[in-house]
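# pasted the sequence and its predicted model underneath.
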Amino acid sequence: DLKLKKEFGIKGPFLLFVGRLAPEKGIDILIKSMPGVIKKHPGVKLVIIGGGTLDKDLKKIVKNLKIENNILFLGKKRNKKLPKYYATADLFICPSKREGSPITYIEALASGTQILVGDLPISKELISCFKCGKIIKSKNLIFNEINDILSLNEFNKFDIKLIKNKYAWTNISNKFRRILN
């Protein structure tokens, strides 16, 4: 959606984080890695959607790193507004240290956006099953992984229909119904 990119002045790669701004999501690690990404891709923008306990602290980190022009905090957005962000982003990133059922990962994938996510069992399952992204190997070197994906234009094409079929609410509710019966 060129309109969305124009609205936010995104002229380079569009990185997206959607989720609670909480310690277990690893958003602080992502923000601290951004100077390494910006150095190689000056036009990059990280759009952060969500709110939480770390909101003020994260904004302070951004200010201290002097990367305000490359990081956009949009606050909470209604779920029905999210698809245009997912579909427009070049890469969805969530270096989470803990996830239960990562709806944001699935929403990004259903929108055709590759994911770069924390090294968790559910992440490995999604990526190995759908060939749709990468696992963050080192929290300290996350900027290298982002740069590799952006520099090599390593955006895997994956079958969105498979993801939509597996995670459609009707299929999930049928599975729960079978389990409960």
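Looks like it came in fine. Numbers count the residues shown, from 1 in each chain.
# please name the bridge partners of Ile93.
Taking DSSP bridges, one obtains Leu116 as the residues bridged to Ile93.
# ok, it touching Leu16?
Yes. Contact criterion C-beta atoms under 8 Å: Ile93 and Leu16 qualify, at 7.0 Å. For every residue, glycine as well, the C-beta is placed using N, CA and C.
# can you check the pLDDT for Ile93?
Ile93 is assigned 95 on the pLDDT scale.
# and it, how many residues sit next to it?
Using other C-beta atoms under 10 Å, Ile93 has 28 neighbouring residues.
# contacts only, for it.
15-17, 30, 46, 115-117, 142, 146 (C-beta atoms under 8 Å, 6 or more residues apart in numbering).
# tell me where the protein has helices.
Secondary structure of the chain (DSSP state H): helices at 2-7, 27-40, 55-65, 82-88, 103-110, 121-130, 142-151, 160-167, 169-180.
# can you lay out the ones you listed as a markdown table showing distance to Leu21, mean neighbour count and mean pLDDT?
Shown next, in a markdown table, are those (distance: least, C-beta to C-beta, whole Å; neighbours: other C-beta atoms under 10 Å; pLDDT from 0 to 100):
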| stretch | distance to Leu21 | mean neighbour count | mean pLDDT |
| --- | --- | --- | --- |
| helix 2-7 | 21 | 11 | 90 |
| helix 27-40 | 6 | 19 | 95 |
| helix 55-65 | 5 | 15 | 97 |
| helix 82-88 | 16 | 17 | 93 |
| helix 103-110 | 13 | 22 | 85 |
| helix 121-130 | 20 | 15 | 72 |
| helix 142-151 | 17 | 19 | 86 |
| helix 160-167 | 25 | 15 | 62 |
| helix 169-180 | 27 | 9 | 71 |
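# Gly75 is nearest to which of these?
Gly75 lies closest, by C-beta to C-beta, to one member of these: helix 55-65, at 8.3 Å.
# still on that earlier bit, reformat the helices of the chain as JSON lines; add distance to Phe73.
Converted to JSON lines, these look like this (distance: least, C-beta to C-beta, whole Å):
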{"stretch": "helix 2-7", "distance to Phe73": "15"}
{"stretch": "helix 27-40", "distance to Phe73": "10"}
{"stretch": "helix 55-65", "distance to Phe73": "6"}
{"stretch": "helix 82-88", "distance to Phe73": "13"}
{"stretch": "helix 103-110", "distance to Phe73": "16"}
{"stretch": "helix 121-130", "distance to Phe73": "25"}
{"stretch": "helix 142-151", "distance to Phe73": "19"}
{"stretch": "helix 160-167", "distance to Phe73": "28"}
{"stretch": "helix 169-180", "distance to Phe73": "30"}
